[in-house]
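Visitor: Attaching a predicted model along with its sequence, questions to come.
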Amino acid sequence: MYPMAPLIRTALNTTARLAPGPAGRWAFHLFVRPLGRAPVKPGEREILAAARTGTLHVRGKEVVTYAWGDGRRPVLLVHGWSSRASRLGAFAEELLARGHSPVAFDGPGHGESSGRATNIVEYREIIRELHARHGDFEAVVAHSFGVLASLFALRDGVRTARFVGLGGVGSFDLLMEGFRAGLGLDDRVVRAMRRYVERRLVPGEPGVWDRFGADHAPHELGAPVLLFHDEDDDMVPLAHARFLARAHGGRARLVVTRGLGHRRVLTDPGVVAEAVEFATAGAVAPESVSRR
């Protein structure tokens, strides 16, 4: 929840009626700003300390990267919004134990990276850079907003043999609608924000709103997909995972968990084991299951 939401709502809705341009710009800057920096948890410190850290630069921001293992069989780990790479530490540990080489990063405005904000286009550029450094990924394991951003990159030149999504955002439109509804913004604010994105963030990229969506050209992924989503997820509704599963059809399997919410799905031993088994040993049968 945004602090001072009533004040923000009143200011943006009023401004949109008088000056749509500034309202769209202000709404965008709010939309792309994480709600604080997540600290490293005690249980994440050991795996984080074992990583080789590096940096890359994206749009004037310094992005901190992490790599483990000998570089063979790389697996990319992509964190979600207001999170950090260390949140996927349980997956890094298990992948290392199986002889794979996890790779991760803190998005701009997250973890140890610079900046105060980021967006799906910056995530795409970071993932492209890591792909250029490490080669094709054996798998990509992503959480929350990282799912949407990873699929955007994977349809734009990045290659992986398998994809695992955890509590994933499946629709950019649903993401924007959640932002609008959460603040009680008028539709005119969202329209102004979309125009700002088209002019400033992705100029010269026609049809970008379709390409932002995880359901756009799913055949271009060309990899089996395993999705985990908790029915009690209070951040991303289960409808997102069902949307993703339908979009990817016979290549996708959805596991619905219970009682893990949006965050504990990242540390649940059963989820971690099944996800890593899939990522390192091959595809699973394309069927949806429910774990109670």
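Guide: Structure received. Numbers count the residues shown, from 1 in each chain.

Visitor: can you tell me the helix or strand for V255?
Guide: strand 252-257 (DSSP states H and E).

Visitor: partners of that strand in the sheet?
Guide: strand 225-230 (parallel), strand 289-290 (parallel) (DSSP bridges).

Visitor: Please identify the deepest-packed of these.
Guide: strand 225-230 (a mean of 26; mean count of other CB atoms under 10 Å). Backbone N, C-alpha and C define where each C-beta goes, glycine included.

Visitor: Please enumerate residues in contact with the next helix or strand after that one?
Guide: Next along the chain after strand 225-230, taking DSSP H and E as the criterion, comes helix 238-248. The contact list for helix 238-248 (CB atoms under 8 Å, 6 or more residues apart in numbering) reads 147, 165, 167-171, 174, 214-215, 218, 221, 225, 227-231, 252-254, 256, 288.

Visitor: Now the buried members of the residues you listed.
Guide: Using 16 or more other CB atoms under 10 Å as the burial test, the contacts of helix 238-248 include 147, 165, 167-171, 174, 214-215, 218, 221, 225, 227-231, 252-254, 256 as buried.

Visitor: pLDDT (mean, whole number) over the strand holding V255?
Guide: Mean pLDDT, strand 252-257: 96.

Visitor: Could I get the CA-only coordinates of it as PDB?
Guide: Extracted C-alpha coordinates of strand 252-257, given in PDB (Å, rounded to 0.1, in the frame of the first residue of the first chain):
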ATOM      1  CA  ALA A 252       2.700 -25.300 -19.100                       C
ATOM      2  CA  ARG A 253       2.000 -27.000 -15.800                       C
ATOM      3  CA  LEU A 254       0.400 -25.000 -12.900                       C
ATOM      4  CA  VAL A 255       0.900 -26.100  -9.300                       C
ATOM      5  CA  VAL A 256      -1.500 -24.400  -6.900                       C
ATOM      6  CA  THR A 257      -0.300 -24.300  -3.300                       C
END
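
Visitor: That one vs helix 238-248, what angle?
Guide: 160 degrees (axes from the mean of the first three to the mean of the last three CA atoms, to 10 degrees).

Visitor: about what we covered before: which stretch among the strands paired with strand 252-257 approaches P237 most closely?
Guide: Between P237 and the strands paired with strand 252-257, the shortest gap by CB to CB is with strand 225-230, which sits at 8.9 Å.

Visitor: Domain-wise, how is the protein divided?
Guide: Split into domains by automatic domain parsing, the chain comes to 1-31+172-212, 38-171+216-290.

Visitor: any idea how far the closest residue to F179 other than its chain neighbours is from E198?
Guide: Sequence neighbours aside, F31 is the residue nearest to F179 in space, at 5.6 Å (criterion: CB to CB, 6 or more residues apart in numbering). Using CB to CB, to the nearest Å, we find F31 at a distance of 14 Å from E198.

Visitor: same check, this time on L35
Guide: For L35 relative to E198 (CB to CB), the value is 25 Å.

Visitor: Of the two, give the one with the bigger neighbour count.
Guide: Neighbours per residue (other CB atoms under 10 Å) separate L35 from E198, with E198 holding more: 15 against 10.

Visitor: Identify the residues contacting the residue nearest in space to the middle of the chain.
Guide: What sits nearest the mean C-alpha location of the chain, by CA atoms, centre = their mean, is G146, with 0.9 Å. G146 makes contact with 78-80, 123, 168, according to CB under 8 Å, 6+ apart.

Visitor: That'll do, ta.
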